[in-house]
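[1] structural data only, the sequence is not supplied:
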């Protein structure tokens, strides 16, 4: 290492050089394309197992992916446990549905997974993830009993670990050179992103890629984090990532550009692309049975309606899976800033594609299931309202 050069400065300079070199190489290479399967699933009931099983078979089967391995399933439980859209359960409107989670866990266990960890960064708390679920009205025992060895990890802080795991971004990164995360994201052989099909107030969409934004802990990526080391407990959200008014603690990998724009439409898509490049998604699952429009979480500043696409989506590449989901939502996966749904942000799909994560080009994606034009659901202009399902809990 050069004299009078800190570890932070050294990593930043090295990463910048690697990115400048690699980005030129990527322009001459095509990002990989994964297979994506679409299934019709009108309700949250026992049919979910049947539909997901078929989707996974269409992707080549779960057994060769998970047998004898530890699988981490990142779910979406963004926001406080008490948040609701007109008293409708969160799993209907803006969280991964507990029945979809339970069915996925069951199928992973049936395929021979040695251990399954359900992971999520529970909002502003160090309580066990199971307790957060109970506070939200869920029964975590149903998920725990769906397979032989199921664990829960609140990844918003260290938990039982002594240190965080550092994931450096290939080619140097777009927003940060790397990201510190709970070690549960490293101590797994297979990583599953189980997301909700939703729009996002800043980033345009939130699907299997944006779900991984929740991998990073608020003990590090919050405006309330200490200057030098991570906080012991999370006390707020990830506004540091949205507006960039400050840097993470010095213990974390540094920013690529300290003068980067301080607006969410620039920062969030780059962070998402970085994260899925640094901690790759092995299997993407998107719950689009029910959802809502307006934004990613109930917010009085937005008009929300809850919707009924009746779809489940699964894919072997998160960028390709999100591209298909975008098409099903009535958007063009090739859209960039200024075109719906990216009116106010850069496209996280385009950025991840440039990092070599996967392709968003529908002509290169092998899609199984019903034709997209026959099951497309315009999430911004739904044709009609729906009646809440009676059995909405796992």
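    Received the coordinates, thanks. In this text, all values refer to a predicted model and were calculated from it rather than measured experimentally.
[2] wait, what's in contact with residue 69?
    113, 114, 188, 189, 190 (CB atoms under 8 Å, 6 or more residues apart in numbering). All C-beta atoms are positioned from the backbone trio N, CA, C, and that covers glycine.
[3] contacts only, for the residue nearest to it when sequence neighbours are not counted.
    Take residue 69 and drop its neighbours on the chain: the residue closest to it by CB to CB, 6 or more residues apart in numbering is residue 189, 3.7 Å away. Counting by CB under 8 Å, 6+ apart, residue 189 touches 66, 69, 70, 71.
[4] same thing but 10 Å
    Going by CB atoms under 10 Å, 6 or more residues apart in numbering, residue 189 touches 65, 66, 68, 69, 70, 71, 72, 113, 114, 115, 282.
[5] next one: phi and psi at the third one?
    Torsion angles at residue 68 (phi, psi; degrees, to the nearest 10) stand at phi 70, psi 10.
[6] mind checking pLDDT for it?
    According to the prediction, residue 68 has pLDDT 98.
[7] hmm, it is touching residue 108, no?
    No - if you go by CB atoms under 10 Å, residue 68 and residue 108 don't touch, sitting 12.0 Å apart.
[8] about what we covered before: which among the contacts of residue 189 gets closest to residue 221?
    The shortest approach to residue 221 among these belongs to residue 72, at 19.2 Å (CB to CB).
[9] beta-bridge partners for that closest one, please?
    With DSSP bridges as the criterion, the beta-bridge partners of residue 72 are residue 117, residue 191.
[10] please name the residues that touch it.
    Neighbours of residue 72 in contact, by CB under 10 Å, 6+ apart: 115-119, 151, 153, 155, 182, 184-193, 215, 279, 282.
[11] take those residues and keep only those in strands.
    115, 116, 117, 118, 119, 151, 153, 190, 191, 192, 193 (DSSP state E).
[12] quick one: low-confidence ranges for the stretch 251-394 of the chain?
    Scanning the stretch 251-394 of the chain for pLDDT under 70 picks out 383-394.
[13] which parts of it are helices?
    According to DSSP state H, counting those that start in this stretch, the stretch 251-394 of the chain carries its helices in the segments 264-278, 318-328, 348-354, 372-375.
[14] any chance of CSV for those helices, columns mean neighbour count and distance to residue 160?
    Formatted as CSV, the helices of the stretch 251-394 of the chain follow (neighbours: other CB atoms under 10 Å; distance: least, CB to CB, whole Å):
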stretch, mean neighbour count, distance to residue 160
helix 264-278, 25, 23
helix 318-328, 28, 28
helix 348-354, 25, 32
helix 372-375, 12, 43
